[in-house]
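>>> Take this sequence and fold it.
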Amino acid sequence: MKAWQITTPESGLQLAELPDPELRGGGATLDILAVQIPAYTADLVAGGRGGFPLPIVLGAAGIGRVTATADDVFGVRQGDIAVATGLFRSGRASAPEEALLGWTGIGGDGRPTPTTDRMRDVWRNGLCAERALQPERTLLALPGAETYKATEQLAFLPWLGIAGAGIERAEVRAGQTVAIVGATGQLGSAAVLVALARGAAAVVAIGRNRDALDALAGIDPRVIPVALTGDRGVDGPAILAAAGPVDAVIDTLGAAPTPEPTMSAYQAIRTDGQWVLVGGVRQDLPIPYSDFMHRRLTLHGSWMCSDNTILDLWSMVRAGVIDLSLLDIQIVGLDDPAAALTAASHRHGLEIVVLMP
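Down below sits the predicted model:
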């Protein structure tokens with residue numbers, strides 16, 4: 001089979017011809033149907049977002065058709081259309097450990113442990129291939145997906161799930177005002193769609209890319225765009241002026257060079273409001289203790305999502321509450337991984353690149 005493989009730190013991502021994966025206990029084999037290629041994938045391949053065992057077939061999350069299951073697998077069945085989330089949990093409730101398969105990302109404090117190393121060694125290869133072997137723990141059957149006519153759109157479900165988990169942690173209710181920081185990124189745009197679907201009265205979309213902001217504003221009159229300048233003294237008041245004090249801020253920013261955009265939105269949270277960090281900011285936040293305490297704010301971290309979150313969102317997609325036809329999708333194949341990664345790096349917001357082997 002054809003696959004995107006990294007063999008050494010210097011090799012980059014290459015098209016390889018590999019044996020078909022062999023079924024083993026606890027796992028299922030899949031024909032891969034659709035995998036979203038995140039905009040930052042080229043940076044990840046270059047080593048800018050942590051390491052993983054080598055050689056490896058890249059690809060953490062996507063959509064596949066189950067072709068076979070081991071005798072001890074019951075959560076998915078042959079013929080199911082399933083989401084492969086890539087999130088492998090140890091199952092040790094007293095001391096949970098988590099890792100992303102086929103990708104970078106470790107739960108907890110982000111540092112690998114012997115357990116997470118073993119997880120990623122035993123279940124090494126990801127989804128950027130014609131076929132894959134995945135552990136049952138990372139697979140979720142999508143009822144009715146076999147009749148969904150745009151399989152490429154379903155590649156966005158894992159992103160909706162991550163965004164949806166952040167919205168859930170903020171306890172967003174119908175009629176509330178939600179601000180999404182980093183809304184012009186792919187995760188941020190997913191958060192905008194989920195907040196709208198959850199009945200937000202207003203969604204303040206905050207980001208740097210004005211074209212992406214305009215596109216978001218065009219999907220629903222409840223979306224209020226705010227363009228970041230990088231000056232907290234300007235951006236904070238602008239966010240507050242857009243829709244008044246907000247009930248919840250969902251921060252989906254990537255590896256921002258400063259904490260200023262995050263802290264700009266902090267200023268707009270109402271008393272008793274919620275603040276959720278979902279993104280990839282690598283900065284310490286200068287949270288003013290007294291101000292935070294007196295406003296009785298609640299701060300949450302949110303990483304990845306539960307199967308129930310994805311199922312809820314899939315129900316919204318099937319019902320038309322979330323309209324995935326809003327996505328601007330560029331479909332790529334396996335033959336030119338470098339070109340696919342370059343294309344992905346130029347996509348923003350609701351523009352995505354989807355690999356369909």
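
>>> for the stretch 201-350 of the chain, which spans come out with low pLDDT?
Along the stretch 201-350 of the chain, no part satisfies pLDDT under 70.

>>> now with 90?
For the stretch 201-350 of the chain, applying pLDDT under 90 flags the ranges 255-257, 282.

>>> can you check the stretch 51-200 of the chain too?
51-52, 109.

>>> What are the boundaries of the strands in it?
Ranges of strands within the stretch 51-200 of the chain are 56-57, 62-69, 81-84, 87-89, 98-100, 131-135, 139-141, 177-181, based on DSSP state E, counting those that start in this stretch.

>>> what pairs with the shortest one, and is each one parallel or antiparallel?
According to DSSP bridges, strand 56-57 has the following sheet partners: strand 2-6 (antiparallel).

>>> Same check on the fourth one?
Each strand that pairs with strand 87-89, with its direction, by DSSP bridges: strand 98-100 (antiparallel).

>>> For the strand it pairs with, which residues meet the burial criterion?
Using 16 or more other CB atoms under 10 Å as the test for burial, strand 98-100 gives 98-100. Using the backbone N, CA and C atoms, a C-beta is placed for each residue, glycine as well.

>>> again with stretch 169-178
Neighbour counts over stretch 169-178 (16+ other CB under 10 Å) mark 169-170, 172, 176-178 as buried.

>>> Among those residues, which pair sits farthest apart?
Within the buried residues of stretch 169-178, two members stand farthest from each other by CB to CB: 169 and 177, at 16.7 Å.

>>> now the helices for the stretch 251-357 of the chain?
Along the stretch 251-357 of the chain, counting by DSSP state H, counting those that start in this stretch, helices occupy 260-266, 289-294, 307-319, 337-345.

>>> Give the buried residues for the longest one.
Of the residues in helix 307-319, those buried under the neighbour-count criterion (16+ other CB under 10 Å) are 307, 309-314, 316-317.

>>> any idea which of these is closest to residue 1?
Nearest member of the buried residues of helix 307-319 to residue 1, counting by CB to CB, is residue 310, at 26.6 Å.

>>> The closest one: what's it in contact with?
By CB atoms under 8 Å, 6 or more residues apart in numbering, the contact set of residue 310 is 83, 85, 140, 157-158, 160-161, 164.

>>> distance between stretch 29-45 and the chain's centre?
The chain centre lies 11 Å from the centre of stretch 29-45; the measure is CA atoms, centre = their mean, to the nearest Å.

>>> residues of it that come out buried?
Buried, per 16+ other CB under 10 Å, within stretch 29-45: 29-30, 32-42, 44-45.

>>> Strands - which of those land there?
29-30, 32-37 (DSSP state E).

>>> if we can go back for a sec, identify, from the contacts of residue 310, the entry nearest to residue 225.
Once CB to CB is applied, the member of the contacts of residue 310 that ends up nearest residue 225 is residue 160, at 20.6 Å.

>>> what's the neighbour count on that closest one?
By other CB atoms under 10 Å, the residues close to residue 160 number 28.

>>> what about it, distance to residue 137?
For residue 160, the distance to residue 137 equals 20 Å [CB to CB, to the nearest Å].

>>> ok, now residue 323?
31 Å.

>>> just to revisit the earlier point, reformat the helices of the stretch 251-357 of the chain as a markdown table; add distance to residue 109.
Converted to a markdown table, the helices of the stretch 251-357 of the chain look like this (distance: least, CB to CB, whole Å):
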| stretch | distance to residue 109 |
| --- | --- |
| helix 260-266 | 20 |
| helix 289-294 | 22 |
| helix 307-319 | 23 |
| helix 337-345 | 29 |
